[in-house]
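**Student:** Any chance you can model this:
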Amino acid sequence: MSPELVRRAQSKDREAVATLFAQVGPLLAALVRRLGLPGERADQLQAVSAHLVEVMGRFDPSGSAKFSTWATTVATRFLLMELRKKRPEFVTLDDEPQPSPAADPAAVAEGRSLEAALDRALEGLPLAQRRAFVLASIEGLPLDEIAALEDVPVGTIKSRLARARMALVLTMGPLLDRSTKGGSP
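**Tutor:** Next comes the predicted model:
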(Lines give C-alpha, C1' and ligand atoms only; values in the text may rest on other atoms or scores of the structure.)
Protein backbone atom coordinates (compact mmCIF):
# COMPACT_ATOMS: atom_id res chain seq x y z
CA MET A 1 0.00 0.00 0.00
CA SER A 2 1.51 3.22 -1.10
CA PRO A 3 1.60 6.22 1.22
CA GLU A 4 -0.21 8.19 -1.51
CA LEU A 5 -3.10 5.69 -1.52
CA VAL A 6 -3.37 5.94 2.26
CA ARG A 7 -3.33 9.75 2.12
CA ARG A 8 -6.11 9.72 -0.48
CA ALA A 9 -8.11 7.31 1.69
CA GLN A 10 -7.56 9.56 4.71
CA SER A 11 -9.08 12.42 2.73
CA LYS A 12 -12.18 10.21 2.26
CA ASP A 13 -11.58 9.51 -1.43
CA ARG A 14 -14.08 6.67 -1.91
CA GLU A 15 -12.06 4.93 -4.60
CA ALA A 16 -8.92 5.01 -2.45
CA VAL A 17 -10.81 3.72 0.59
CA ALA A 18 -12.25 0.88 -1.51
CA THR A 19 -8.80 0.00 -2.90
CA LEU A 20 -7.24 0.11 0.55
CA PHE A 21 -9.93 -2.13 2.03
CA ALA A 22 -9.68 -4.52 -0.91
CA GLN A 23 -6.07 -5.02 0.15
CA VAL A 24 -6.53 -5.28 3.94
CA GLY A 25 -10.03 -6.78 3.90
CA PRO A 26 -8.96 -10.46 3.77
CA LEU A 27 -6.53 -9.88 6.64
CA LEU A 28 -9.27 -8.23 8.72
CA ALA A 29 -11.77 -10.97 7.87
CA ALA A 30 -9.34 -13.67 9.02
CA LEU A 31 -8.67 -11.75 12.22
CA VAL A 32 -12.39 -11.36 12.97
CA ARG A 33 -13.03 -15.02 12.11
CA ARG A 34 -10.43 -16.19 14.60
CA LEU A 35 -10.84 -13.62 17.39
CA GLY A 36 -14.40 -12.35 16.96
CA LEU A 37 -17.54 -13.25 18.83
CA PRO A 38 -19.46 -16.31 17.64
CA GLY A 39 -22.45 -15.55 15.47
CA GLU A 40 -21.46 -11.90 15.10
CA ARG A 41 -18.66 -12.23 12.57
CA ALA A 42 -20.23 -10.23 9.73
CA ASP A 43 -21.38 -7.46 12.07
CA GLN A 44 -17.99 -7.28 13.75
CA LEU A 45 -16.16 -7.13 10.42
CA GLN A 46 -18.35 -4.25 9.35
CA ALA A 47 -17.89 -2.50 12.70
CA VAL A 48 -14.11 -2.97 12.54
CA SER A 49 -14.04 -1.57 9.00
CA ALA A 50 -16.17 1.43 9.97
CA HIS A 51 -13.94 2.06 12.98
CA LEU A 52 -10.82 1.92 10.80
CA VAL A 53 -12.30 4.48 8.40
CA GLU A 54 -13.17 6.67 11.37
CA VAL A 55 -9.67 6.57 12.90
CA MET A 56 -7.67 6.35 9.67
CA GLY A 57 -6.54 9.95 10.06
CA ARG A 58 -4.38 8.89 13.03
CA PHE A 59 -2.15 6.75 10.81
CA ASP A 60 1.08 8.41 9.63
CA PRO A 61 1.71 7.22 6.04
CA SER A 62 5.24 8.61 6.13
CA GLY A 63 6.07 6.74 9.35
CA SER A 64 7.82 3.40 9.72
CA ALA A 65 4.67 1.31 10.31
CA LYS A 66 2.92 -0.41 7.43
CA PHE A 67 -0.79 0.33 7.07
CA SER A 68 -1.66 -3.37 7.27
CA THR A 69 0.16 -3.70 10.61
CA TRP A 70 -1.53 -0.57 11.94
CA ALA A 71 -4.96 -1.79 10.74
CA THR A 72 -4.39 -5.18 12.39
CA THR A 73 -3.48 -3.50 15.66
CA VAL A 74 -6.52 -1.20 15.58
CA ALA A 75 -8.81 -4.10 14.64
CA THR A 76 -7.38 -6.28 17.41
CA ARG A 77 -7.89 -3.57 20.01
CA PHE A 78 -11.45 -3.06 18.77
CA LEU A 79 -12.14 -6.80 19.02
CA LEU A 80 -10.60 -6.95 22.50
CA MET A 81 -12.95 -4.18 23.63
CA GLU A 82 -15.88 -6.15 22.19
CA LEU A 83 -14.69 -9.33 23.91
CA ARG A 84 -14.51 -7.55 27.23
CA LYS A 85 -18.14 -6.53 26.81
CA LYS A 86 -19.27 -10.12 26.14
CA ARG A 87 -17.86 -13.50 27.05
CA PRO A 88 -17.05 -15.37 23.81
CA GLU A 89 -17.48 -19.10 23.46
CA PHE A 90 -16.25 -20.26 20.05
CA VAL A 91 -15.57 -18.76 16.65
CA THR A 92 -17.79 -20.09 13.85
CA LEU A 93 -16.26 -21.33 10.61
CA ASP A 94 -18.37 -20.17 7.71
CA ASP A 95 -17.80 -18.56 4.33
CA GLU A 96 -14.57 -20.34 3.43
CA PRO A 97 -12.45 -18.60 0.79
CA GLN A 98 -12.82 -20.03 -2.71
CA PRO A 99 -9.77 -21.62 -4.36
CA SER A 100 -8.45 -20.44 -7.69
CA PRO A 101 -9.70 -22.53 -10.63
CA ALA A 102 -6.16 -23.61 -11.50
CA ALA A 103 -5.46 -25.03 -8.04
CA ASP A 104 -4.95 -28.76 -7.58
CA PRO A 105 -8.23 -30.11 -6.09
CA ALA A 106 -6.41 -32.54 -3.77
CA ALA A 107 -4.12 -29.80 -2.46
CA VAL A 108 -7.08 -27.46 -1.99
CA ALA A 109 -9.00 -30.15 -0.08
CA GLU A 110 -5.99 -30.91 2.09
CA GLY A 111 -5.41 -27.20 2.74
CA ARG A 112 -9.04 -26.70 3.75
CA SER A 113 -8.88 -29.76 5.98
CA LEU A 114 -5.74 -28.47 7.71
CA GLU A 115 -7.21 -24.98 8.11
CA ALA A 116 -10.43 -26.39 9.57
CA ALA A 117 -8.39 -28.59 11.93
CA LEU A 118 -6.34 -25.56 13.01
CA ASP A 119 -9.49 -23.54 13.64
CA ARG A 120 -11.00 -26.40 15.70
CA ALA A 121 -7.76 -26.73 17.65
CA LEU A 122 -7.68 -22.96 18.23
CA GLU A 123 -11.23 -23.11 19.59
CA GLY A 124 -10.00 -25.54 22.24
CA LEU A 125 -7.37 -23.11 23.53
CA PRO A 126 -8.01 -20.69 26.37
CA LEU A 127 -8.85 -17.28 24.88
CA ALA A 128 -5.62 -15.60 26.03
CA GLN A 129 -3.50 -18.34 24.43
CA ARG A 130 -5.60 -18.24 21.25
CA ARG A 131 -5.13 -14.47 20.93
CA ALA A 132 -1.36 -14.77 21.49
CA PHE A 133 -1.05 -17.51 18.86
CA VAL A 134 -3.25 -15.82 16.25
CA LEU A 135 -1.60 -12.43 16.64
CA ALA A 136 1.98 -13.76 16.68
CA SER A 137 1.92 -16.80 14.41
CA ILE A 138 -0.85 -15.98 11.97
CA GLU A 139 -0.94 -12.18 11.86
CA GLY A 140 2.81 -11.80 12.44
CA LEU A 141 2.68 -9.07 15.08
CA PRO A 142 5.83 -8.59 17.16
CA LEU A 143 5.62 -9.89 20.74
CA ASP A 144 6.09 -6.44 22.25
CA GLU A 145 3.07 -5.12 20.30
CA ILE A 146 0.96 -8.06 21.45
CA ALA A 147 2.06 -7.45 25.03
CA ALA A 148 1.02 -3.81 24.73
CA LEU A 149 -2.35 -4.84 23.25
CA GLU A 150 -2.96 -7.33 26.03
CA ASP A 151 -1.51 -4.99 28.69
CA VAL A 152 0.80 -7.72 30.04
CA PRO A 153 4.60 -8.22 30.08
CA VAL A 154 6.28 -9.73 27.01
CA GLY A 155 7.20 -12.78 29.11
CA THR A 156 3.51 -13.49 29.66
CA ILE A 157 2.92 -13.41 25.90
CA LYS A 158 5.88 -15.76 25.37
CA SER A 159 4.43 -18.13 27.95
CA ARG A 160 0.95 -18.04 26.41
CA LEU A 161 2.42 -18.57 22.96
CA ALA A 162 4.52 -21.54 24.11
CA ARG A 163 1.51 -23.16 25.80
CA ALA A 164 -0.65 -22.57 22.73
CA ARG A 165 1.97 -24.07 20.42
CA MET A 166 2.38 -27.12 22.65
CA ALA A 167 -1.38 -27.69 22.78
CA LEU A 168 -1.64 -27.29 19.00
CA VAL A 169 1.22 -29.72 18.39
CA LEU A 170 -0.43 -32.28 20.66
CA THR A 171 -3.80 -31.77 18.98
CA MET A 172 -2.69 -31.50 15.37
CA GLY A 173 0.53 -33.54 15.38
CA PRO A 174 -0.92 -36.75 13.95
CA LEU A 175 -2.77 -34.84 11.23
CA LEU A 176 0.36 -32.90 10.26
CA ASP A 177 2.46 -36.09 10.19
CA ARG A 178 -0.05 -37.67 7.82
CA SER A 179 -0.21 -34.66 5.50
CA THR A 180 3.58 -34.37 5.18
CA LYS A 181 3.90 -38.07 4.34
CA GLY A 182 1.46 -37.73 1.47
CA GLY A 183 -1.67 -39.32 2.86
CA SER A 184 -2.93 -41.74 5.44
CA PRO A 185 -0.57 -44.16 7.22
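**Student:** So for the protein, the centremost residue is which one?
**Tutor:** Note on the chain: the residue nearest the mean C-alpha position is Leu31, at 2.5 Å, using CA atoms, centre = their mean.
**Student:** That residue: what's it in contact with?
**Tutor:** Listed by CB atoms under 8 Å, 6 or more residues apart in numbering, the contact set of Leu31 reads Val48, Thr72, Ala75, Thr76, Leu79, Val134, Glu139. Quick note: C-beta positions are derived from backbone N, CA and C, even for glycine.
**Student:** repeat that for 10 Å
**Tutor:** The contact partners of Leu31, taken as CB atoms under 10 Å, 6 or more residues apart in numbering, are 24, 44-45, 48, 71-72, 75-76, 78-79, 134-135, 138-139.
**Student:** Ok, Phe78 next?
**Tutor:** Counting by CB under 10 Å, 6+ apart, the residues that Phe78 touches are Leu31, Val32, Gly36, Gln44, Ala47, Val48, Ser49, Ala50, His51, Leu52, Val55.
**Student:** about what we covered before: any idea which of the contacts of Leu31 is closest to Asp60?
**Tutor:** For the contacts of Leu31, the minimum distance to Asp60 (CB to CB) is 13.3 Å, reached by Ala71.
**Student:** burial count for the closest one?
**Tutor:** 26 (other CB atoms under 10 Å).
**Student:** correct me, but it touches Leu27?
**Tutor:** Yes. Between Ala71 and Leu27 a contact is recorded at 7.3 Å, counting by CB atoms under 10 Å.
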